[in-house]
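K.L.:
Quick one, what's the 3D model for this:
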Amino acid sequence: MSEPHYAISSSIPFANTDHIKRKMFDLAYANSSPSQKLDIYWPEEGDGPFPVIVSIHGGAFLGGDKRDIQLTPMFEALKRGYILVGVNYRMSGEAKFPALVHDVKAAIRWIRANAEHYLFDPKRIATWGGSAGGYLSLMMGVSTWAAELEDLTLGNPEQPSHVQAVVDWFGPTDFLKMDEQLAESGFAPPVEFSHNGADSPESLLLGAQITKIPELVQKANPETYIRSIAPPFFIQHGTHDDTVPHQQSVNMAAKLVDVIGADKVMLELLPNARHADPAFETPQNLKKVLDFLDSILHP
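P.N.:
Presented below is the predicted three-dimensional model:
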C-alpha cells in the first residue's frame, strides 16, 4: 500500500500561473484570520459578468493551499468563460469544525457582495474540490439552510451562500465508516493511519477522537443536511482509493438521489483510480466536469 495522501499533503507545490494574464492574489474575504484570503483568475478576454467556480483545495484538513497544483486542472475552466476563485480557509491546526465551513460560506458571500466590481455573476456560482476540498464542496451544496454552519459575523450577512452546482472529487463524508469501508475494499490502513485514530485528520478536525464523539461526527457529515432544494451534483471517485473509500461517494450519491432526484446527481467511479489519481485530470475527464457545469451555468 502507498503512503496515505494525507501524510504528505502539507508540502504540495504551487501551480504555475505565469500564463494567466488577469489575476489577483490574496484578497481578504473576512478579517478574523490570515487564512481567510482568496485569489481570482479571469478569462483572457471579456467584461463579464462571468460565472464563478470556487476552487477548494484538499490536504486532509491540515495542509494544502489555494494556489497549489490542485488548482492546475481547473484552469481549463478559464477557456470556457469562467472566473476561477481559489479559496483558503482555517485548517485543523488553527480552528476546529465548523470553522472551515464558515470560511468558505463567507467567501461565497464576499463574491456576491463584490460581484459588480470583480465581474462575477452572483447567480452562477459552483464549487469544485478534491478530498477535503471535495468535502467542503459538498457542504456548500447541502447546507445553505443550516444556520449553525453559517457565521455571519465574518462579513456580508445580507448575502446568501448557496451555490448553483457542486463538483466533488473523492471527498469524505461519513468519517466513522471510512476504516470499515477501506477494509471491505482490501485497503485497511495501518494503525498509525487509521481514520478512527486520535490523531487522524478527521479527529484533528473535530477536536477529539471521532469514535468518542459520534454526535459531532454526524453534524460534520454532509449527508445530514440534504434537502430537496439542493443544486445538481457531479461526484467522481476512484475505485482503488486507499485513503478515502469510494463507498463514501456511493452512499452520498444514493442519499442525494433519494432526496433531490436522480436527474440532479451524477456519480462516476473511475476504475482502478487511486486518491488524487492523474485520471481525474485528463483532458477527457476535465471535459466531463466542464460539460456538467456548462449544462447548469450556461456560460
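
K.L.:
What is the host helix or strand of Arg112 packed up against?
P.N.:
Assigned by DSSP states H and E, Arg112 belongs to helix 99-113. In terms of contacts (3 or more C-beta pairs under 8 Å, 6 or more residues apart in numbering; DSSP states H and E), helix 99-113 is packed against strand 50-56, strand 83-87, strand 120-130, helix 132-142. Any C-beta I mention is one placed from the backbone N, CA and C, and that applies to glycine too.

K.L.:
Let me know the next secondary structure element after that helix.
P.N.:
Next along the chain after helix 99-113, taking DSSP H and E as the criterion, comes helix 115-118.

K.L.:
Give the rounded mean pLDDT of that next one.
P.N.:
When pLDDT is averaged along helix 115-118, the result is 98.

K.L.:
Okay, now stretch 26-39: how far is its last residue from its first?
P.N.:
By C-alpha to C-alpha, to the nearest Å, the extent of stretch 26-39 from end to end equals 5 Å.

K.L.:
Identify all contacting residues around it.
P.N.:
The contact list for stretch 26-39 (C-beta atoms under 8 Å, 6 or more residues apart in numbering) reads 23-25, 40, 66-67, 85-91, 94-95, 103, 106-107, 110-111, 153-155.

K.L.:
Tell me the buried residues within the residues you listed.
P.N.:
The neighbour-count test (16 or more other C-beta atoms under 10 Å) marks 40, 66-67, 85-91, 95, 103, 106-107, 110-111, 154-155 as buried among the contacts of stretch 26-39.

K.L.:
Now do the residue lying closest to Trp42 once chain neighbours are set aside against Met140, distance only.
P.N.:
Of all residues not flanking Trp42 in the chain, Arg22 sits nearest, at 3.8 Å (C-beta to C-beta, 6 or more residues apart in numbering). Between Arg22 and Met140 the distance, using C-beta to C-beta, to the nearest Å, works out to 25 Å.

K.L.:
Run through the strands of the chain in chain order.
P.N.:
Secondary structure of the chain (DSSP state E): strands at 23-28, 37-41, 50-56, 83-87, 120-130, 165-169, 233-238, 265-270.

K.L.:
Pipe the ones you listed into TSV and attach distance to Phe193 per row.
P.N.:
TSV is the format used below for the strands of the chain (distance: least, C-beta to C-beta, whole Å):
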stretch	distance to Phe193
strand 23-28	33
strand 37-41	31
strand 50-56	23
strand 83-87	27
strand 120-130	19
strand 165-169	21
strand 233-238	18
strand 265-270	22
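
K.L.:
closest to Asp291 out of these?
P.N.:
Of all the strands of the chain, strand 233-238 sits nearest to Asp291, with 9.5 Å by C-beta to C-beta.
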